[in-house]
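>>> Could you work out the structure for the sequence below:
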Amino acid sequence: MEDAGAEDAPRERGHVRLPPSDHGYVTADGAVVAADRDTLLRMSLSGQPPAGVWTPETRGVVPTYQVPWIFERLMEPARKNAWGQVQATGFLAALATVVGGVAWFQAPPGTSGGPPLLLVIAVIWFARSLLDHRRLRRMTADDFAAEIEEARRLPGARTGTPVFTRALAAIIGVVAAGQMLSIGSASMDAAGLVKAAVRAGEWWRLFTAPLLHVNPIHLGFNGMALLGLGALVERYANRAYVPLVFLLTALAGGLGSFVYTDGTSVGASGGIMGLVGFALVLSLRRRALLPRSLTQDMLANVVWIAVMGLMAYQYIDNGAHAAGLLAGALLGWLLVPRGGDTPHWEAGPATRVAGWASMGVLAASAAFAVARMFGVV
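Just a heads-up that it's a prediction; the model follows:
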């Protein structure tokens, strides 16, 4: 039996003695503050949310996201941003469908079939945005709490600027600048993976071709992928692996392209797919120390790239993609250690030297590619 005056008496929930109020919060310094519902919501959405809150729905002081109506308001900005991404990518997909469809159906007989590459990219981008929005819309407070708990349980990743990734992006940027200044498609012939030239002995094209790109869109997509994947490898492995994995898998991608296709090939896709394969193996071998979402993200990347390759095989060098991915996975199997108590590990002296040497080879390849474009060598 409860005392009739219990509602007016101070209550104790957990280890915090609460004032006689249905709503309130606990500040970061431990102060207990009674508040009405609107004030509690405003504080929870502020830049400095309370350390804990209580409401009629809770059985004690809990984090803000464990109160359903506060959680829904906390999720609004993320869901709104995700919906904005859906609208933007949907508009681009619709525009690409109209423009690409007209160009496709008006193409002269005998030209290569298949949808334009930009249309394929736009549709896949829209599909990914739609799935991200669906995931956020269905996320519950329990799902969010599980992610928070996982983040607290896992040791911290390496921090700091992804120096080697940015240096590699800068190297590719220098080559792109050289391409813009060269005349017409001279850069492709001068330093691209021209298969007949490789057969004639110009093997150095395997080193220069991954640093060239067809156009700004090609460069932009590969650049964004490189910056994201390279930073991930630096955060969860060691920076030396970025140039080492990129160089070796770009070479493997070039060999795959040489075997699989006859046309001239350029682009960093082989090396980027190598970083995907390396990161996928890394996420599997060290899964006890890494977020579960990392493996899911890497698998999703493989699936999306495979779908794109199947839909736009006329434009995408699937030989380079497949060879780069497999080479990256093999390097991950050979180089990624098991165990440890941190998600990242220190590379040995040999790996560090190999990383610096790989960066040097890539820089020298870029200089040679630019020199070839302008007829210096």
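>>> Going by contacts, tell me the helices and strands next to the host helix or strand of L248.
L248 belongs to helix 241-260 when elements are defined using DSSP states H and E. The contact analysis (3 or more CB pairs under 8 Å, 6 or more residues apart in numbering; DSSP states H and E) places helix 241-260 against helix 163-181, helix 205-208, helix 216-236, helix 269-285, helix 318-335, helix 349-373. For glycine as for every other residue, the C-beta is placed from the backbone atoms N, C-alpha and C.
>>> got the buried residues for the last one?
By neighbour count, and taking 16 or more other CB atoms under 10 Å as the criterion, the buried residues in helix 349-373 are 351-352, 354-355, 358-359, 362-363, 365-370, 372-373.
>>> pLDDT value on the closest residue to G328 other than its chain neighbours, please?
In space, G328 comes closest to G277 once its chain neighbours are excluded; the distance is 2.8 Å by CB to CB, 6 or more residues apart in numbering. Note for G277: predicted pLDDT of 93.
>>> The helix ranked longest in the chain: how far from the chain's middle?
For the chain, the longest helix by residue count, based on DSSP state H, is helix 68-105. Centroid separation for helix 68-105 versus its chain: 18 Å, with CA atoms, centre = their mean, to the nearest Å.
>>> helix or strand right after that helix?
By DSSP H and E, the next helix or strand past helix 68-105 is helix 117-138.
>>> So which elements touch that next one?
helix 68-105, helix 292-311.
>>> centre of the chain versus it, how much separation?
Centre to centre, stretch against its chain (CA atoms, centre = their mean), the figure for helix 117-138 is 14 Å.
>>> cool, stretch 65-79 as well?
Worked out by CA atoms, centre = their mean, stretch 65-79 lies 25 Å from the chain centre.
>>> Tell me the buried residues in that stretch?
Y65, Q66, V67, I70, F71, L74, M75.
>>> For those, give me JSON lines that also has distance to A157 and pLDDT.
Listed next are the buried residues of stretch 65-79 as JSON lines, based on distance: CB to CB, whole Å; pLDDT from 0 to 100:
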{"residue": "Y65", "distance to A157": "23", "pLDDT": "87"}
{"residue": "Q66", "distance to A157": "26", "pLDDT": "87"}
{"residue": "V67", "distance to A157": "30", "pLDDT": "89"}
{"residue": "I70", "distance to A157": "29", "pLDDT": "91"}
{"residue": "F71", "distance to A157": "26", "pLDDT": "90"}
{"residue": "L74", "distance to A157": "24", "pLDDT": "90"}
{"residue": "M75", "distance to A157": "25", "pLDDT": "91"}
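>>> ok, how many other residues are close to L299?
Neighbour count for L299, taken as other CB atoms under 10 Å: 14.
>>> what's the answer for A93, then?
A93, neighbours per other CB under 10 Å, totals 20.
>>> Equivalent analysis for N222, please.
Around N222 there are 19 residues (other CB under 10 Å).
>>> Grab the nearest non-local neighbour of it.
A268 (4.7 Å).
>>> what's the distance between the one you found and R166?
14 Å (CB to CB, to the nearest Å).
>>> Please apply the same query to M308.
26 Å.
>>> Kindly report the same for S269.
Distance from S269 to R166, by CB to CB: 19 Å.
>>> which of these two has more neighbours?
Of the pair S269 and R166, S269 is the one with more neighbours under other CB under 10 Å, namely 27 against 17.
>>> Brilliant, that's me finished.
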